[in-house]
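In: Predicted model and sequence follow; I will ask about them next.
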Amino acid sequence: MPGAGGLDGDLIMSKIQLPETRPVRPPWKKGRLIGQKRPLLPRHDWAIRARLELADNLRDLALFNLAIDSKLRGCDLVRLRVSDLVVGGSVRDRVSVIQSKTGRPVQFEVSENTRRSVLECVASPSMVGSGFLFPSRFHSSPHLSTRQYARLVRDWVSAIGLDPNAYGTHSLRRTKAALIYRNTGNLRAV
């Protein structure tokens with residue numbers, strides 16, 4: 001009985017080429033919030049600032065304040081040089097920076113609170129000899145990486161009890177614009 005699954009059945013099965021199976025991985029975005037991140041509300045902005053001030057974290061406070069004021073992308077923010085903001089022992093009121101993505105100049109005002117925090121950060125002993133406003137602690141990189149900046153934002157948002165998946169570095173970029181639009185209703189003012 002050759003067709004009863006004996007030796008002949010095994011011989012036939014060995015000649016059939018079955019497709020290779022791979023383990024199925026879940027999609028990278030499964031369970032994640034994707035798309036545009038929300039801007040911070042004024043109470044969130046205030047809560048993060050208060051925590052950074054109480055912790056006496058000069059670098060993070062300057063980074064947070066400058067991110068809100070400048071509305072720069074993370075890659076441009078971490079590449080800011082001390083000479084871009086500080087001239088003659090004081091921080092400029094207005095700063096102009098060339099964006100790396102578009103190649104266009106962008107100008108922004110630096111608020112009094114931000115000027116104070118940047119000046120304190122630059123005057124700290126850890127900043128001696130640094131050309132970048134936010135230097136890296138690793139010798140292989142001259143400035144803070146965008147990935148580390150994203151981790152810091154995630155920590156700040158988590159510390160005030162918000163979902164870190166709903167906010168990111170772009171949230172800081174959008175915060176001031178959303179606040180201006182909410183108060184004036186004028187898109188041109190933004």
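Out: Great, that's in hand.
In: Longest helix in the protein, please.
Out: Longest helix in the chain by number of residues (criterion: DSSP state H): helix 169-184.
In: tell me the secondary structure for residue 95?
Out: strand (DSSP: H, G, I helix; E, B strand; the rest coil).
In: next one: residue 118
Out: helix.
In: That one: how many residues sit nearby?
Out: The number of residues packed near residue 118 is 25, by other Cβ atoms under 10 Å. Heads up, the C-betas are built off the backbone N, CA and C, glycines and all.
In: now residue 103
Out: So residue 103, with other Cβ under 10 Å, has 7 neighbours.
In: that's a helix at it, yeah?
Out: No. Residue 103 is assigned coil when assessed by three-state DSSP, not a helix.
In: Look up how far residue 23 lies from it.
Out: According to Cβ to Cβ, to the nearest Å, residue 103 stands 44 Å off from residue 23.
In: quick one: the most centrally placed residue in the chain and residue 133, what's the gap?
Out: Central residue of the chain (Cα atoms, centre = their mean): residue 169, 3.0 Å from the mean position. Separation of residue 169 from residue 133 (Cβ to Cβ) stands at 16 Å.
In: Could you do residue 187 as well?
Out: 31 Å.
In: who has more neighbours, those two?
Out: Between residue 187 and residue 133, counted using other Cβ under 10 Å, residue 133 has the larger neighbour count: 25 against 9.
In: Keeping just the C-alphas, turn the longest helix of the chain into PDB.
Out: The C-alpha trace of helix 169-184 is given here as PDB (Å, rounded to 0.1, in the frame of the first residue of the first chain):
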ATOM      1  CA  THR A 169      10.400  67.500  21.100                       C
ATOM      2  CA  HIS A 170       8.100  68.900  18.500                       C
ATOM      3  CA  SER A 171       5.600  69.700  21.300                       C
ATOM      4  CA  LEU A 172       8.000  72.300  22.700                       C
ATOM      5  CA  ARG A 173       8.300  73.800  19.200                       C
ATOM      6  CA  ARG A 174       4.600  74.100  18.900                       C
ATOM      7  CA  THR A 175       3.800  75.400  22.400                       C
ATOM      8  CA  LYS A 176       4.500  79.100  22.000                       C
ATOM      9  CA  ALA A 177       2.800  79.200  18.600                       C
ATOM     10  CA  ALA A 178      -0.300  77.500  20.000                       C
ATOM     11  CA  LEU A 179      -0.400  79.900  23.000                       C
ATOM     12  CA  ILE A 180      -0.100  83.000  20.700                       C
ATOM     13  CA  TYR A 181      -2.900  81.600  18.500                       C
ATOM     14  CA  ARG A 182      -5.100  80.700  21.500                       C
ATOM     15  CA  ASN A 183      -4.700  84.200  22.900                       C
ATOM     16  CA  THR A 184      -5.100  86.300  19.700                       C
END
